[in-house]
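Asks: based on what follows, work out the 3D shape:
(one chain, ligands or ions: 1)
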Amino acid sequence: METNKRIPTRVAVVGAGFVGTTFAYALLLSGLASEIVLIDANQAKAEGEAMDLNHAVPLARPGRVWAGSYADCAGAAITVVTAGSAQRPGESRLDLTARNTEIFRQIIPQIASNNPGGIILIATNPVDVLTYASLKFSGLPENQVFGSGTILDTARFRYLLSQHFGVDARSVHAYIIGEHGDSEVPVWSLANIAGMRIPEFCAANGFHCNEPDLDSIYEQTRDAAYQIIQRKGATYYAIGSGLLRIVEAVLRDQSTVLSISSLMHDFYGLNDVCFSLPTVIDRGGVERVLRLELNPVEIEGLTRSAAVLKSTIESLHLA
Ligand SMILES: NC(=O)c1ccc[n+]([C@@H]2O[C@H](COP(=O)([O-])OP(=O)(O)OC[C@H]3O[C@@H](n4cnc5c(N)ncnc54)[C@H](O)[C@@H]3O)[C@@H](O)[C@H]2O)c1
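Replies: Below you'll find the model as predicted:
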């Protein structure tokens, strides 16, 4: 008689650098996946990282970690792509584009052909442009291919607001939308704590709600990567946690609202470009992108952000 076979929960990580391995470590500690495969052009690096992670297994959660090849993407619920060149000090994310697009032209078709039913989550920068490129290179349905987008910027924004107002960051509801990068847009008009918009929260709770403070919070959010890279050369803990949050929403079919980057369809007239909006993520990936009611300043900012991304996409001749 056929016995019920355990179906492993596999997550593939392409790129075993700072971001990929920090995410893999967080995933291992979470116990969400039973199999983690690391794939990297530098095979020795992937092997060393897999060995090190496996040695944490007896102290953490059961699981199997190995350095594999694209064939091992088969059966993965999700493949997280962090491969590529990292941002250099002073370099904008968009400057990375040409280099990383060529890398993606090689790797994305290999992921998709080995796992046409799986989700591909892009973290490599510039993440919005590479998400768009990955949709083209993979040929997969658009719900299956999306980018980490502004999940990190939104986390930074909530953290900074929480510090300013003295509440748990999880009690701050606010989003950064648009590009993950210099043109990103803070949605001040909808930001709230305990259901109160920021001006009402300030008035009711004795805070000064002055514009320079709020502007500074946005600027610190937008420029955080530059500040961190200047000091330690790379950022990885917060994005590793963001990737884990997305992967958890997928593996556990949570229908969580997260700001991630996906293909736009007529959002305030913006089409055929990937950027971030609050999005419902479940086992199938992008379940739906939420429509937000933005104010005119936010619409203008988002339109500008989309234009920056579109001109980059056009210069790559991907469309
Ligand atoms: N989306 C975000 O919010 C966010 C945050 C931080 C970093 N990042 C981005 O993540 C990417 C990785 O950053 P990192 O700090 O981990 O860099 P890293 O240099 O430490 O790691 C990149 C890895 O990719 C591998 N690689 C390069 N070319 C490859 C190829 N063709 N095939 C397979 N593997 C290849 C390298 O060997 C290396 O191990 C960068 O683009 C960075 O800008 C994104």
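Asks: going by proximity to the ligand, name the top residue of the chain.
Replies: Closest approach between the chain and the ligand, counting by C-beta to the nearest ligand atom: residue 17, at 1.7 Å. Where you see a C-beta, it was placed from the backbone N, CA and C, and this is true even at glycine.
Asks: give the closest residue to that residue in space, chain neighbours not counted.
Replies: residue 82 (6.4 Å; C-beta to C-beta, 6 or more residues apart in numbering).
Asks: same question, residue 109
Replies: Nearest residue to residue 109, sequence neighbours excluded (C-beta to C-beta, 6+ apart): residue 137, at 5.7 Å.
Asks: the helix or strand containing the one you found - contacts with which helices or strands?
Replies: For residue 137, the host element (DSSP states H and E) is helix 127-138. Secondary-structure packing of helix 127-138 (3 or more C-beta pairs under 8 Å, 6 or more residues apart in numbering; DSSP states H and E): helix 97-114, strand 119-122, strand 145-147, strand 256-263, strand 274-282, helix 296-316.
Asks: can I get those in a markdown table with distance to the ligand?
Replies: Formatted as a markdown table, those follow (distance: least, C-beta to the nearest ligand atom, whole Å):
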| stretch | distance to the ligand |
| --- | --- |
| helix 97-114 | 4 |
| strand 119-122 | 8 |
| strand 145-147 | 7 |
| strand 256-263 | 9 |
| strand 274-282 | 10 |
| helix 296-316 | 14 |
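Asks: burial check on residue 209, number of neighbours?
Replies: Residue 209: 14 surrounding residues under other C-beta atoms under 10 Å.
Asks: list the contacts for it?
Replies: Going by C-beta atoms under 8 Å, 6 or more residues apart in numbering, residue 209 touches 198-199, 202-203.
Asks: which of the residues you listed fall in helices?
Replies: 198-199, 202-203 (DSSP state H).
Asks: re earlier: can I get the helices and strands packed on helix 127-138 in a markdown table including mean neighbour count, distance to residue 212 and mean pLDDT?
Replies: Output for the helices and strands packed on helix 127-138, formatted as a markdown table (neighbours: other C-beta atoms under 10 Å; distance: least, C-beta to C-beta, whole Å; pLDDT from 0 to 100):
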| stretch | mean neighbour count | distance to residue 212 | mean pLDDT |
| --- | --- | --- | --- |
| helix 97-114 | 18 | 34 | 95 |
| strand 119-122 | 28 | 35 | 98 |
| strand 145-147 | 30 | 32 | 98 |
| strand 256-263 | 24 | 25 | 98 |
| strand 274-282 | 25 | 26 | 98 |
| helix 296-316 | 17 | 17 | 96 |
